[in-house]
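Q: I'd like to go over a predicted model; first the sequence, then the structure.
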Amino acid sequence: MDTIWSPDLLDGQGPKYKAVMHAIRDRIAARLLAPGDKLPPVRDLAWALGITPGTVARAYTLLTDDGTLTAAVGRGTFVAQPDEKGPLFADVPLEIDSATHLAEEQSWQVNLFSPHLPSVGQATLIRGLLAEVAQDPPSGVMHYPTRSGGHAARVAAMHWLDEAPLGSFDADDIVLANGGQNAILMVFQALLKGRRPAILVEDLAYPGFRRAAELLRADVIPVEMDAHGVIPEALEAAARAHDAQIFCTSPEVHNPTCGFTPLSRRRALADVARRADLQILEDDCYRLGQAQEPGYRMIVPERSWYISSISKSITPALRIGIAVAPGGRANVLRRTAEYSFFGLATPLTDLAAKLLVHPELPRLMAAARTGIGTYVQRAVNILGSYDIVWRKDVPFLWLHLPEGWRASAFVQAAEQQGVRIRAAEEYACRDARTPHAVRMAINAGVSLPTFEAAIERLRVLLDNPPEHIGV
């Protein structure tokens, strides 16, 4: 029996079959087991570990089902080859950025507040391009940003958005920002007017909408939703009752519920926007895969402002956000940027001009999506018996808590177990009634076994609600 197998791998709490599963995954991650390696026969491994053959067989079966292992009748069980794995388990080299993530000895604590992309080569690409920019900065390093100096970056951004369903636009419709949140604030600054303006948001919505509105002393009005997004009648009533000027929405990937707004509902909401003279701000920062339906800029182009960023698809470190204005209205947005911060720093626009059109970028983004999908699938495997909403190309999950748990209490209990998550209350206005639900972001900046261990701890909490909270 190989020395990598010992009874020590069963140390700790939890079912023994899960300990065997974690041990096998750990050994694959550490390259002690390589693709094609044969695992010990069930009875041999059971004898070495001092457990029943049925326990080992169960672990092998579950790992075969999820694509980690492959079984051949009469030959045994093997570590799956990359081409034998399903699409969620492609052979993606996942790395931990040691400058920003906890060291392994501290990795019991896992932050699931915000998504962390796996490092699959984009860091290496960015470092190389930064070196190129440092040696030959097209915009220079001794000048204020200029509109002409940022033109190449806007062209590159237009290329990067090529598959987004935005209708007709060109580089002059684009204004670059310091991340998606800055882009939202810029749109608010450009559009809001009057002594007491208001924005309309989904009942549960990205908190950045509220924070940007508060900076501008604007009221934030939540609008009732159903499974398909904001209810058109509720939007019209809210628009009439307040000096509402902007409707903020995330139709492709609703944050935090993972929801999606179908085309029929989008058209109905666009009709309301026209009647009530609302501008529409579409936040598309969380979409990693293909868009399913036309964006509002295609449906109602004269009043739709589109926001995206590279934070969830390439890296959040660079803080590159993209705002696309309605045709002919980019000047007001560009003035807002110039009056606020003069425009993006010239080395950053030079980097964006190279990065967003680099021929390697599509492959790296696809690999990052695959990595996120792997983490999503592992979380679903562990929490699948609960009411959880997920999509393989969305970097968070939405969990409705079982009876006995309130969201705030569950978040506190999770933090005591070293896992940081967000309660539904963080996505609602102060006086709103919220569901007992939590959002868990995918942190692919920690190893897969570390992430799985964190989700397992959440599963133990879900299985054991405190009696004094129960109904």
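A: Alright, I've got the coordinates.

Q: Skip ahead from the helix ranked longest in the chain and say which helix or strand is next.
A: Ranked by residue count, the top helix of the chain under DSSP state H comes out as helix 361-383. Going down the chain from helix 361-383, the next helix or strand is strand 387-389, by DSSP states H and E.

Q: Which neighbours in the sheet does that next one have, and how are they oriented?
A: strand 396-400 (antiparallel) (DSSP bridges).

Q: Helix or strand next in line after the strand it pairs with, which one?
A: Beyond strand 396-400 toward the C-terminal end (DSSP H and E), the next one is helix 407-416.

Q: how far is that following helix from where the chain is centred?
A: The chain centroid and the centroid of helix 407-416 are separated by 21 Å under CA atoms, centre = their mean, to the nearest Å.

Q: for stretch 293-308, same thing?
A: Distance, centroid of stretch 293-308 to centroid of chain: 21 Å (CA atoms, centre = their mean).

Q: V394 touches L288, doesn't it?
A: Yes: with contact defined as CB atoms under 8 Å, V394 and L288 form a contacting pair (6.8 Å). Where you see a C-beta, it was placed from the backbone N, CA and C, and this is true even at glycine.

Q: so what's the backbone phi/psi at the closest residue in space to P138 that isn't next to it in sequence?
A: For P138, ignoring the flanking residues on the chain, the nearest one in space by CB to CB, 6 or more residues apart in numbering is D350 at 5.2 Å. Torsion angles at D350 (phi, psi; degrees, to the nearest 10) stand at phi -60, psi -40.

Q: check contacts around D350.
A: V133, P137, P138, S139, A152, A153 (CB atoms under 8 Å, 6 or more residues apart in numbering).

Q: go with 6 Å
A: V133, P137, P138, S139 (CB atoms under 6 Å, 6 or more residues apart in numbering).

Q: okay if I get these as TSV plus secondary structure, distance to Q122 and pLDDT?
A: As requested, those are exported to TSV (DSSP: H, G, I helix; E, B strand; the rest coil; distance: CB to CB, whole Å; pLDDT from 0 to 100):
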residue	secondary structure	distance to Q122	pLDDT
V133	helix	16	93
P137	coil	21	89
P138	coil	22	86
S139	coil	23	85
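
Q: List buried members of these by neighbour count.
A: Those of these that meet the buried threshold are V133, P137, S139, by 16 or more other CB atoms under 10 Å.

Q: Including distance to R303, could these go into JSON lines?
A: JSON lines is the format used below for the buried ones among the contacts of D350 (distance: CB to CB, whole Å):
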{"residue": "V133", "distance to R303": "37"}
{"residue": "P137", "distance to R303": "38"}
{"residue": "S139", "distance to R303": "33"}
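
Q: Just give the nearest non-adjacent residue to the residue nearest the centre of the chain, would you?
A: In the chain, the residue lying closest to the centroid (CA atoms, centre = their mean) is P395, at 3.1 Å. By the measure of CB to CB, 6+ apart, the closest residue to P395 outside its immediate chain neighbours is P115, 3.6 Å from it.

Q: which residues touch the one you found?
A: Contacts of P115 by CB under 6 Å, 6+ apart are K312, P395, A441, I442.

Q: hey, where'd the strands end up in the stretch 151-300 of the chain?
A: Assigned by DSSP state E, counting those that start in this stretch, the stretch 151-300 of the chain shows strands spanning 174-177, 198-202, 219-223, 225-226, 229-230, 244-249, 279-283.

Q: The first one - contacts with which helices or strands?
A: In other words, strand 174-177. strand 321-324, helix 330-341 (3 or more CB pairs under 6 Å, 6 or more residues apart in numbering; DSSP states H and E).

Q: so how far is that strand off the chain centroid?
A: With CA atoms, centre = their mean, you get 21 Å for strand 174-177.

Q: Give the pairing partners of it; include direction for each.
A: Checking strand 174-177 against DSSP bridges gives partners strand 321-324 (antiparallel).

Q: Same question for the third one.
A: Strands adjacent to strand 219-223 in the sheet, as given by DSSP bridges, are strand 198-202 (parallel).

Q: which residues make contact with the partner strand from outside it?
A: Under CB under 6 Å, 6+ apart, the answer for strand 198-202 is 209, 213, 218-223, 225, 230, 238, 242-244, 246-248.

Q: List buried residues within those.
A: Using 16+ other CB under 10 Å, the buried ones in those are 209, 213, 218, 220-223, 225, 230, 238, 244, 246-248.

Q: Looking at the residues you listed, which two lie furthest apart in space?
A: Spatially, the most separated pair among the buried ones among the contacts of strand 198-202 is A218 and M225, at 20.6 Å (CB to CB).

Q: sorry, back to before: pull the distance from the longest helix of the chain to the chain's centre.
A: 10 Å.

Q: Determine the set of other helices and strands touching it.
A: By 3+ CB pairs under 6 Å, 6+ apart, helix 361-383 packs against helix 448-463.

Q: Also compute the angle for the helix it packs on relative to helix 407-416, please.
A: Orientation check (axes from the mean of the first three to the mean of the last three CA atoms, to 10 degrees): helix 448-463 against helix 407-416 gives 140 degrees.

Q: Helix 361-383 and helix 448-463, what's the angle between them?
A: Counting by the same axes, to 10 degrees, helix 448-463 points 40 degrees away from the direction of helix 361-383.

Q: Identify the residues contacting helix 448-463?
A: 22, 25-26, 107, 110, 375, 378-379, 382-383, 386, 413-414, 417, 419.

Q: Quick check: chain neighbours aside, which residue is closest to A367?
A: A367's closest residue in space is V120 (CB to CB, 6+ apart), at 4.1 Å.

Q: Name the residues of stretch 420-439 that are buried.
A: Result for stretch 420-439 [16+ other CB under 10 Å]: buried residues 420-429, 434-439.

Q: Just flag the most distant two among those residues.
A: Using CB to CB, the buried residues of stretch 420-439 span at most 22.8 Å, a distance reached by R420 and C429.

Q: Just want to know which of V394 and L288 has more residues nearby.
A: V394 (25 against 20; other CB atoms under 10 Å).

Q: re the thing from before, the helices and strands packed on strand 174-177: which one's closest to L263?
A: Nearest of the helices and strands packed on strand 174-177 to L263, taken as CB to CB: strand 321-324 at 19.7 Å.

Q: average pLDDT for the closest one?
A: Averaging pLDDT along strand 321-324 gives 97.

Q: how far is that strand from where the chain is centred?
A: For strand 321-324, the distance to the chain centre is 18 Å (CA atoms, centre = their mean).

Q: Same question for stretch 281-288.
A: Counting by CA atoms, centre = their mean, stretch 281-288 is centred 10 Å from the centre of its parent chain.

Q: start at 25 instead
A: Got it, first residue is 25 now, which makes that one stretch 305-312.

Q: List the contacts of that stretch.
A: Against stretch 305-312 from outside (CB under 6 Å, 6+ apart): 204, 211, 270, 272, 274, 276-277, 279, 319-320, 329-333, 336-337, 393, 417.

Q: buried set for that stretch?
A: Buried-residue list, stretch 305-312, by 16+ other CB under 10 Å: L305, E306, D307, D308, C309, Y310, R311, L312.

Q: P280 against R463, yeah?
A: Yes: counting by CB atoms under 6 Å, R463 is a contact partner of P280 at 4.0 Å.

Q: Can you check which residues contact both of the two?
A: By CB under 6 Å, 6+ apart, the residues touching both P280 and R463 are W422.

Q: So which of the buried ones among the contacts of strand 222-226 is the closest to A81?
A: Using CB to CB, the buried ones among the contacts of strand 222-226 come closest to A81 at M249, 45.9 Å.
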